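Q: using only what follows, build the 3D model:
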Amino acid sequence: MSSGQKQLIIKISKLFSVVFHPVFIPLYGLLLIYSSPTLLSFIPARMKWTIFLLVLANNVILPLSLAAILYLRGAIKTFNARDRNERVVLLTFALLMYTITAILLLRIQVPNLFRAYFISIAFVTLVTLIITAIYRISLHAAGFGGLLSLLVFMIMLYDIRSAWQLVTVVLIGGGVMSSRLYLDDHTPTETWTGLFAGAGVMALTLFFLLK
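A: Presented below is the predicted three-dimensional model:
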């Protein structure tokens, strides 16, 4: 492989890592729910935008703002938070914000799947935080594991056909995991551990909440 090809793969891997950063995963989950062939896709546009903007503010803008402040103050070295202590700080804040989002969704009239989804994300974040305290796993992989479980759960719960969504999530998830390995940010074990942790916790929590 030529140096030019290697540089191209590195650029693509970095792009995948940014576009599909864990902070954006909740929004992608909402898009999966909105586009699914169920009655949930027909909820009022106002409700869709309310949920979307709530998640955008609480779980994207505020965490990114905190990361930017910590970076500018020298508390973290990169936005990827490679250091374990940096990850613990950011995951703790993320857990707080996911919990707030889940509580707010419990207080407004929205379908149960939305509430269950964000409660499940909070539990996934809690588990990854605990694991991170003793072992470094891929948060990117954990995010896609959660998305995969969400989609599989919807397919089983609503008896729908979402082959294109499933293939899309699997392919993009595979690309993201490969990018983490290619950039040498994680080992294969760390990546697979993240995937199974995210998928397992999401599946168990959704099952418990929606059974």
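Q: make it CA atoms for all contacts and neighbour counts henceforth
A: Noted.
Q: quick check: Val55 touching Pro26?
A: Yes - using Cα atoms under 8 Å, Val55 is in contact with Pro26, at 7.4 Å.
Q: do a quick rundown of the helices in the chain.
A: 3-19, 25-35, 45-56, 62-72, 84-107, 112-132, 139-158, 163-182, 188-210 (DSSP state H).
Q: and the ones you listed, which one averages the lowest pLDDT?
A: Mean pLDDT is lowest for helix 3-19 among the helices of the chain, at a mean of 83.
Q: hang on, the earlier thing: got the helices of the chain as TSV, with mean neighbour count columns?
A: TSV is the format used below for the helices of the chain (neighbours: other Cα atoms under 10 Å):
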stretch	mean neighbour count
helix 3-19	14
helix 25-35	18
helix 45-56	14
helix 62-72	16
helix 84-107	18
helix 112-132	21
helix 139-158	22
helix 163-182	17
helix 188-210	19
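Q: now do the same end-to-end measure for stretch 21-41.
A: Using Cα to Cα, to the nearest Å, one end of stretch 21-41 lies 25 Å from the other.
Q: give me the contact list for it.
A: Residues from elsewhere that reach stretch 21-41 (Cα atoms under 8 Å, 6 or more residues apart in numbering): 48, 52, 55-56, 59-60, 63-64, 111, 121, 139-140, 143-144, 147, 150-151, 158, 160-162, 165.
Q: same thing but at 6 Å, please
A: Here stretch 21-41 makes contact (Cα atoms under 6 Å, 6 or more residues apart in numbering) with Val60, His140, Gly143.
Q: and what of stretch 143-158?
A: Pro22, Gly173, Leu195, Gly198, Ala199, Met202, Ala203.
Q: now swap in stretch 187-207 and tell me
A: Ser120, Val124, Ile137, Ser138, Ala141, Ala142, Gly145, Gly146, Ser149.
Q: dump that stretch to PDB, restricted to CA.
A: Taking Å, rounded to 0.1, in the frame of the first residue of the first chain, the C-alpha atoms of stretch 187-207 are listed here in PDB:
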ATOM      1  CA  THR A 187      -7.000  -3.000  20.500                       C
ATOM      2  CA  PRO A 188      -9.400  -5.600  19.100                       C
ATOM      3  CA  THR A 189     -10.300  -6.800  22.600                       C
ATOM      4  CA  GLU A 190     -11.200  -3.200  23.700                       C
ATOM      5  CA  THR A 191     -13.300  -2.700  20.600                       C
ATOM      6  CA  TRP A 192     -15.300  -6.000  21.000                       C
ATOM      7  CA  THR A 193     -15.700  -5.500  24.700                       C
ATOM      8  CA  GLY A 194     -17.200  -2.100  24.000                       C
ATOM      9  CA  LEU A 195     -19.600  -3.500  21.400                       C
ATOM     10  CA  PHE A 196     -20.800  -6.300  23.600                       C
ATOM     11  CA  ALA A 197     -21.100  -4.100  26.700                       C
ATOM     12  CA  GLY A 198     -23.200  -1.500  24.800                       C
ATOM     13  CA  ALA A 199     -25.400  -4.100  23.100                       C
ATOM     14  CA  GLY A 200     -25.900  -6.200  26.200                       C
ATOM     15  CA  VAL A 201     -26.800  -3.500  28.600                       C
ATOM     16  CA  MET A 202     -29.100  -1.800  26.000                       C
ATOM     17  CA  ALA A 203     -30.900  -5.000  25.200                       C
ATOM     18  CA  LEU A 204     -31.400  -6.000  28.900                       C
ATOM     19  CA  THR A 205     -32.600  -2.500  29.900                       C
ATOM     20  CA  LEU A 206     -35.100  -2.300  27.000                       C
ATOM     21  CA  PHE A 207     -36.400  -5.700  27.700                       C
END
